[in-house]
Every structure is written in structure tokens, then in C-alpha cells.
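Participant: Curious how this folds, go ahead:
(2 chains)
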Amino acid sequence: MNRIRTRFAPSPTGYMHIGNLRTALYAYLFAKSQGGDFILRIEDTDRARYVADAVEFIERTLAAAKIIPDEGPHHGGTFAPYVQSERMDIYKKYAEQLVKDGHAYYEETENGVAIRQKMPRAGETTFFDVLHGNITIANSELEDQVLLKSDGMPTYNFANVIDDHLMEISHIIRGTEFITSTPKHVLLYEFFGWELPTFIHLAPVMGKAEDGTVSKLSKRHGATSFNDLIEAGYLPEAITNYVALLGWSPKNSCQEIFSMDELIKNFSLDGLSKSPAVFDYAKLDWMSGEYFKAMSDEDFAKVADKYFADFDAPRKIFLSSLLKTRVAKLSDIPDMIAFLKNLPPFDLELFTNKRNKITPQKSAEILAPAIKILENVDDWTLDTLNEKISAFVADSGLKVGAIMWPLRIALSMQKVTPGGVTEILYLLGKKISIERLNDALQKLKVDR
RNA sequence: GGCGCCUUCGUCAAGUGGUUAAGACACCGCCCUCUCACGGCGGGUUCAAGGGUUCGAAUCCCUUAGGCGUCACCA
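Facilitator: Sure thing, here's the model as predicted:
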């Protein structure tokens, strides 16, 4: 049996959307699960679309996603070069052989000479796809496609076949958009007398637009590039994990959180789905949150560092313990902690809470003695604060929630805060805490 | 339009002739609670439609509809 070899063959556009990343992931997972090789090949035969540094961009993106090629432009390998624009001589040779054999012909144009593939007019071509079974397309649907462009560059449909054969690719994993051009490839393999690789055409990843419509992922629909997601503060592992499950599911298991090693261990082709999958931020958010929750406070503080740069080291660690259980993506952090830096405008409404039977008047009655107690706290630590407030609650005869409500509002002007009152007091420090409480108390009196 | 692919809860999906049609996210409710979150418990919602085949169909066949893709010297 031949060695399993898969490849990811992007064109260097400087943009890696999630659908592409998933294709690369599956090709990688399949190769690795079979002890095979994963090859990165750059298909840069369209000179008009060439983007500088795109190759490095692709390599960086794959590296971030922990998809590591065994062979590629900067990884070396016995079949180098892995950039198609550096393989022009090879394509030329094979195209000319096709002409010689009567399977292709020259075409004169104003820009130069091109070579076209001669398609059979009758009959049909069938190929086997692991996901879809046999697919048959009438040869009359096939046009005499260009193999070699007048600028000397091969077309995708040609270079692809030549390279996949020369690089000994055993399984071609790519998107469904190539299903209809596969017969042309198959004919080429037959002309050359080459063994056919195994085809696997993956269903597309769809995006949901704001109006709720669904269509193939693009910049318009969801702007879902790997890089955008990283920018938003999702962990690469979480993205990879989520993307793996968009179109694949493990056999005999309901596991959803997978490390890369686990993905490799569990991956199999028959877990692939034939139908399109819609990219869902809600689920990504959940999965991302699972990754954050699993982190230590220290690790979280490290990845979140730039989002709360204003705090000292101990406070960062403490903040991390509060934040890591309630964050979907790192960029959520600034809004969540903004109140610590700047108190939102006073809002009387917030001092009313039905469940705890709190009114502005009641709030004032609670704040006044609470301030006195806190003013006398010198050891401004979580333990002490907790202790003092608990004692205050016990003395007041009120419910815990009732006491906490006005305090939290006065300190944050928010119904929802990361952490409870003692945590906020601690983070704010004594001076600012007392200031905010006094300020709220004054305003409550005035407004009454 | 021709050709091709696809169609199980709102979303990701398990399921391959006999199941109460898994599980997860989201949603709703309850509990816990110092809000939120976390955690616990519970709930509703699904086999695109119509015909067959069969004792029996989400599973097999046909038709229809819808979605997607493709018809480039783009990949």
C-alpha cells in the first residue's frame, strides 16, 4: 500500500478564511492519523492575483493553528520546489508531451501561444469520491480547457494534476467547487497513464449574514478569517477545535473538546459530513470559554495582558480569576472592566431592584453605615473586606443580596460586574471605593 | 439556463430497515447564589414535501421543491 500523502494547495491571496483553514486541517489530520505526510504547495500561477508576502502569511497562519507541513516552500522536501511558479519547465514538458500524443493542441493568440486540452466529445467520465461515491459527468459538459496559458504559466486544472502526481499525493482533499472540474483532471491522469489519487470533496462552510441569510463564507458573510478571530481574542486552539467540528464528528463519542493530538487520534474520513455547515459564533464563544476556564489564572493573565495593562501584577492575576470564567473572547475584556477605570454616569434607576426589595431610599439607608464601616478598614484585603461586610449584613438583619445591591451599583453603576462587591472593592482600592460610595450617597439624597 | 452536489431541532450533529430519533450550542423554566458567570435539574423544537417498496422507513427507490457549486488564459 502506498504511503498516505495529502496536500494543502492555497493560492497566495493574503487571506485565510475558515473554510480554507478547515480544508488544511482535515488534510493534515487525515495524513497524521494515517502516519502519512502533509504537504504545503503554493499555487501562484495567476500573476495578476499575486500578493507579496502571502506565502509567509499562509505559513504563519498554519503554524498558529499548529498545522505543520512535512514538506513545503520553507520546510524542504524531496519534491521541491513547492511553489508552482518555480516549476514552469515541468508543466511545459508535460503539456508538450500531451500535444505530441494528440491529447492537446496549440492555440495562437495575440498574447502568444497557449495549449489546450482536447476533450472527448462523446461518452462520460466517472470518478470515485470518498464522500459522494461515484460521480459521473457527460464529456459534452467539458470544454477544451487551457492547460498552459500564453504567459507560459499553467492553469490550476493542469498544474494541479501534474504536481499531485509528481509529489505522490495519495488523497486529494479539497472543496466541492472542484467536483465539476475533476473529470478534466481524471482525463489528464488517463492520458498520462497515471494512477488516480483518491478524491474527497468537502462541503463548504457557510456564513450567516446579519439579515439571517446563509451563504458560502466570504468577507461579507461573517468576515470569518482565522486572523480576524485571533484579533478578536479567540485562542488558536479553540478556533481549530471549533472548526474541526464544522463538518466532522468523532465516531462513537460525543466528545467536543479536542486537543490537536486528540483530533489526530480520533479523525477518520467517515466522520466527515456531506452537507454544508454554518459557522456559528455562539458555539465558538462557548467553546472558547471552555478553553479559558481550563487555563490557570497565570496563563490567562499572560494571554490577556494587553487588555488590562493598567493593573499591577497581583491585580492582573486576581482579575484573571474573575474574568476567565466569563469571557468568550479576549476583546470582551475592556468593556467588562471599563467601570473600574471610569465610573459610568449616575443612574438612579439602577438603585431599584425588585427581587431584593431595594429602592433609592433604601439604598441610601444601607450606604451610609456601610461607608462608615469601610472607612475604618485599614487592611484592605479580600478576607478582611469579606469579613466586615458579612458582619455588617448580619447586624443589619437584611438579606445578603439586599445589602450587596446598592453597594455594587454605587461602585460600578452596572447591574452586571465581573466579580462580587468585595472583589470590586479590592480592585478599586480603598480611596476610590469610598469616593464612589460617598458620591452615590450624596446624589441619592439630592435626587430625593 | 445546462450539468453536478446537498437536505435530521434555530445552529453543529449521531443515526446506514424495527431507537422513547443521541449529544452539544442557543433558547425557556427552576435550584444554587453577592448581580453576571460557574454549577445542578428540567423543558420545547427536528427527519424539506409528495409518492412508492416493505409487516415495518430518517434510513431503499422515484418525483418535486429549496440551497449550494460549476460552466475563465481564477484557483
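Participant: looking at this, residue A:371 is in a helix?
Facilitator: Yes - secondary structure assignment places residue A:371 in a helix (DSSP: H, G, I helix; E, B strand; the rest coil).
Participant: Show me the shaky parts of the stretch 301-448 of chain A.
Facilitator: A:447-448 (pLDDT under 70).
Participant: Around RNA strand B, pick out the residues from it.
Facilitator: A:325-326, A:386, A:389, A:400-401, A:404, A:408, A:415-422 (C-beta under 7 Å from any atom of the strand). Bear in mind the C-beta positions are built from the backbone N, C-alpha and C, glycine included.
Participant: Tell me the buried residues within these.
Facilitator: Using 16 or more other C-beta atoms under 10 Å as the burial test, those include A:326, A:386, A:389, A:404, A:408, A:417, A:418, A:419, A:421, A:422 as buried.
Participant: Can you name the two of the residues you listed that sit furthest apart?
Facilitator: Within these, A:326 and A:389 form the most distant pair, 22.0 Å apart (C-beta to C-beta).
Participant: Grab the most central residue of chain A for me.
Facilitator: Closest to where the C-alpha atoms of chain A average out (C-alpha atoms, centre = their mean) is residue A:239, at 3.7 Å.
Participant: who's in contact with that residue?
Facilitator: A:18, A:65, A:226, A:229, A:230, A:284, A:288 (C-beta atoms under 8 Å, 6 or more residues apart in numbering).
Participant: Out of these, grab the one that's most surrounded.
Facilitator: Ranked by neighbour count (other C-beta atoms under 10 Å), the contacts of residue A:239 have residue A:288 at the top, with 26 neighbours.
Participant: Could you find the closest non-adjacent residue to that residue?
Facilitator: residue A:238 (4.3 Å; C-beta to C-beta, 6 or more residues apart in numbering).
Participant: Model confidence for that neighbour, exactly?
Facilitator: At residue A:238, the model reports a pLDDT of 96.
Participant: can you pull the contacts of it?
Facilitator: Per C-beta under 8 Å, 6+ apart, neighbours of residue A:238: A:284, A:287, A:288, A:290, A:291.
Participant: Could you single out the nearest of the contacts of residue A:239 to RNA strand B?
Facilitator: Nearest to RNA strand B among the contacts of residue A:239 is residue A:284, at 8.0 Å by C-beta to the nearest atom of the strand.
Participant: Could you check the pLDDT of the closest one?
Facilitator: Taking residue A:284 on its own, its pLDDT is 95.
Participant: Residue A:1 now?
Facilitator: On the pLDDT scale, residue A:1 gets 56.
Participant: And for the one 5 residues further on?
Facilitator: Here, the pLDDT recorded for residue A:6 equals 98.
Participant: quick one: which helix or strand includes it?
Facilitator: Per DSSP states H and E: residue A:6 is located in strand A:5-8.
Participant: Give me the buried positions along the longest helix seen in chain A.
Facilitator: In chain A, with assignment by DSSP state H, the single longest helix is helix A:430-447. For helix A:430-447, a neighbour-count test (16+ other C-beta under 10 Å) marks A:430, A:433, A:434, A:436, A:437, A:440, A:441, A:443, A:444 as buried.
Participant: Just the closest of those to RNA strand B, please.
Facilitator: Using C-beta to the nearest atom of the strand, those come closest to RNA strand B at residue A:433, 13.5 Å.
Participant: how about the nearest residue to that closest one, chain neighbours excluded?
Facilitator: residue A:425 (5.0 Å).
Participant: got a list of what the one you found touches?
Facilitator: Listed by C-beta under 8 Å, 6+ apart, the contact set of residue A:425 reads A:374, A:380, A:385, A:411, A:433.
Participant: what do you get for residue A:31?
Facilitator: Taking C-beta under 8 Å, 6+ apart, we find residue A:31 in contact with A:4, A:5, A:6, A:37, A:38, A:70, A:171.
Participant: By neighbours, which of those residues wins?
Facilitator: residue A:6 (27 neighbours).
Participant: can you pull up the bridge partners for it?
Facilitator: Legend: beta-bridge partners of residue A:6 under DSSP bridges are residue A:38, residue A:171.
Participant: is it true that it touches residue A:168?
Facilitator: No - with contact defined as C-beta atoms under 8 Å, residue A:6 does not count as touching residue A:168 (10.9 Å).
Participant: intersection of neighbour lists for these two?
Facilitator: Between them, residue A:6 and residue A:168 share no contacting residue, judged by C-beta under 8 Å, 6+ apart.
Participant: Now do residue A:289 against residue A:268, distance only.
Facilitator: Separation of residue A:289 from residue A:268 (C-beta to C-beta, to the nearest Å): 28 Å.
Participant: More neighbours: which of those two?
Facilitator: Neighbour totals were compared for residue A:289 and residue A:268, and residue A:289 leads with 18 against 13 (other C-beta under 10 Å).
Participant: mind listing the helices for the stretch 201-350 of chain A?
Facilitator: Assigned by DSSP state H, counting those that start in this stretch, the helices in the stretch 201-350 of chain A fall at A:226-231, A:236-244, A:260-266, A:281-293, A:297-304, A:313-323, A:333-341.
Participant: Can you show me the strands along the stretch 101-250 of chain A?
Facilitator: Applying DSSP state E, counting those that start in this stretch to the stretch 101-250 of chain A gives strands spanning A:104-109, A:112-117, A:124-129, A:133-138, A:146-148, A:171-175, A:198-202, A:205-208, A:214-216.
Participant: what's the angle from the first one to strand A:112-117?
Facilitator: I take that to be strand A:104-109. Relative orientation of strand A:104-109 and strand A:112-117, computed by axes from the mean of the first three to the mean of the last three C-alpha atoms, to 10 degrees: 150 degrees.
Participant: Neighbouring strands of strand A:104-109 in the sheet, and parallel or not?
Facilitator: Take DSSP bridges as the rule and strand A:104-109 pairs in its sheet with strand A:112-117 (antiparallel).
Participant: List of residues touching the partner strand?
Facilitator: Residues contacting strand A:112-117 (C-beta under 8 Å, 6+ apart): A:95-96, A:98-99, A:103-107, A:144-152, A:158, A:184, A:187-188.
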